[in-house]
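> Need coordinates for the below:
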Amino acid sequence: MKTLFPLFIILVTALVSCKNEDDKNPTVNNPTAFGLSYAQSKQDFNTTFNSLQTALEANANISIVAIVDHQMNAQNVNLELRPTREILFGNPAIGTPIMQENQLAGLELPQKMLVYQDIDNNVFVGYNSANFIAARHEGTGNASTFSQLSTALKNLAEGASNGTVSENSSTSVTNKQGIISLASNNDFNTTYNKIKDAITANSNHMLVAELDHKANAASVGLTLRPTRLIIFGNPNLGTPLMQNSQTTAIDLPQKMLVWEAEDGTINVSYNDPAYLALRHGISGNTETINTIANALNTLASEATN
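Below is the predicted model:
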């Protein structure tokens, strides 16, 4: 026993020491969604978000389009969600040249930045990387403002978080991947108004924002074919996806882009919910994803016929 007792003390001490080291270094589950750039914040959730909002409001070239509090929206329908909030904002002088290269990129604009607190209380700032946009919308990487967009987003994320941005690969992303487009039999205004009227008539839907990319382009002396975006959501359907994978919030609320192509064709484009599930690693929730897909298909189909 005299030989074993000191050994026992050493083993227990080692185990306690390891546990204390783990307590000092909690597990950090970095976001895995492809094409997502992110920084782990060195500040708490509210400080991080407020820092981001303050930086955006201080830039005269940027307009905040909407602030979406996904946690509050979840609570309003008696669901739970960890702190999850995003800001939608834009600068037409940067965004318009990107859409001039590929109009469908209007589906990614205005830009979004997400702040969320994970299950281990780690706080992250995330956004869709410029490389993700370039991979998904062929030609946009040639835009004169592409590198400016990339630098601006990185600076905003690092400023709000006091951290360093990491970027998940976009090499698996292909042109138009996960985008559903329908050609319309109606003129531009009729197509858009049908979508808006259907959204506002449904009490389960929240109309978050409307953007006229053509008008915004004109405000900075640039031209763009008719291109309008409508942003809307349904917390009853979106919250379960964010409960499963919190980064899904960067692709919510839902968006529909109505745009006139060079040949005069009117199109409606939106993100396929199955693609979002793939991107964010959502497991299960098949019924919810199918419900969202059917609802979006109905909106687009009725607007284009």
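> make it CA atoms for all contacts and neighbour counts henceforth
Will do.
> residues contacting the residue most central in space within the chain?
Nearest to the mean C-alpha position of the chain, by Cα atoms, centre = their mean, lies residue 250 at 2.0 Å. Counting by Cα atoms under 8 Å, 6 or more residues apart in numbering, residue 250 makes contact with 86, 112, 113, 114, 126, 127, 128.
> Out of those, give me the two with the largest separation.
For the contacts of residue 250, the maximum inter-member distance is 12.2 Å, found between 86 and 128 (Cα to Cα).
> so what sits against both of those two?
112, 113, 250.
> what ranges do the helices span in the chain?
All helices of the chain, identified by DSSP state H, fall at 4-24, 45-57, 70-76, 92-101, 130-136, 146-161, 188-201, 213-219, 235-244, 273-280, 286-304.
> closest to residue 228 out of these?
Short answer: helix 213-219, nearest of these by Cα to Cα, at 5.7 Å.
> just checking, what packs against that closest one?
helix 92-101, strand 227-233 (3 or more Cα pairs under 8 Å, 6 or more residues apart in numbering; DSSP states H and E).
> now these as TSV including mean pLDDT?
Output for the helices and strands packed on helix 213-219, formatted as TSV (pLDDT from 0 to 100):
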stretch	mean pLDDT
helix 92-101	98
strand 227-233	98
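> I'd like to know which of those lies nearest to residue 167.
With Cα to Cα as the yardstick, what comes closest out of the helices and strands packed on helix 213-219 is helix 92-101 (20.5 Å).
> Now do that closest one and helix 146-161, the angle between them.
Relative orientation of helix 92-101 versus helix 146-161 (axes from the mean of the first three to the mean of the last three Cα atoms, to 10 degrees): 130 degrees.
> In terms of secondary structure, what does helix 92-101 contact?
By 3+ Cα pairs under 8 Å, 6+ apart, helix 92-101 packs against helix 146-161, helix 213-219.
> got a list of contacts for the shortest one?
Applying Cα under 8 Å, 6+ apart, the set of residues contacting helix 213-219 from outside is 92, 93, 96, 106, 223, 224, 225, 226, 227, 228, 229.
> for these, which one is nearest residue 196?
Of all these, residue 229 has the smallest distance to residue 196: 10.2 Å, by Cα to Cα.
> Who's the closest spatial neighbour of that closest one, skipping the chain neighbours?
residue 257 (4.5 Å; Cα to Cα, 6 or more residues apart in numbering).
> try residue 119
Among residues not flanking residue 119 along the chain, residue 82 sits closest, at 7.6 Å (Cα to Cα, 6+ apart).
> how about low-confidence regions in this protein?
1-27 (pLDDT under 70).
> hmm, back to that, nearest to residue 264, out of the helices of the chain?
When the helices of the chain are compared by Cα to Cα, helix 188-201 sits nearest residue 264, at 9.7 Å.
> Which strands and helices lie in contact with that closest one?
Under the contact criterion of 3+ Cα pairs under 8 Å, 6+ apart, helix 188-201 touches strand 206-212, strand 227-233, strand 254-260, helix 286-304.
> any chance of those in CSV, with mean neighbour count and distance to residue 45 too?
Formatted as CSV, the helices and strands packed on helix 188-201 follow (neighbours: other Cα atoms under 10 Å; distance: least, Cα to Cα, whole Å):
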stretch, mean neighbour count, distance to residue 45
strand 206-212, 16, 23
strand 227-233, 21, 23
strand 254-260, 24, 24
helix 286-304, 17, 29
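> how many other residues sit next to residue 151?
11 (other Cα atoms under 10 Å).
> same check, this time on the one 3 residues further on
Residue 154 is flanked by 21 other residues according to other Cα under 10 Å.
> Now for it: which residues touch it?
residue 165.
> what's the answer for residue 139, then?
Counting by Cα under 8 Å, 6+ apart, residue 139 has contacts 101, 102.
> how much space between it and residue 68?
Computed as Cα to Cα, to the nearest Å, the residue 139 to residue 68 distance reads 30 Å.
> Also residue 81?
13 Å.
> Residue 247 too?
From residue 247 over to residue 68 (counting by Cα to Cα), the distance is 14 Å.
> which of the two has more neighbours?
residue 247 (27 against 18).
> Kindly reformat the helices and strands packed on helix 188-201 as CSV containing distance to residue 164.
Shown next, in CSV, are these (distance: least, Cα to Cα, whole Å):
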stretch, distance to residue 164
strand 206-212, 31
strand 227-233, 30
strand 254-260, 29
helix 286-304, 33
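> Select, out of the helices and strands packed on helix 213-219, the one closest to residue 279.
strand 227-233 (19.1 Å).
> and that closest one with strand 206-212, angle?
Orientation check (the same axes, to 10 degrees): strand 227-233 against strand 206-212 gives 170 degrees.
> surely residue 164 meets residue 42?
No. Under the criterion of Cα atoms under 8 Å, residue 164 is not in contact with residue 42, lying 10.0 Å apart.
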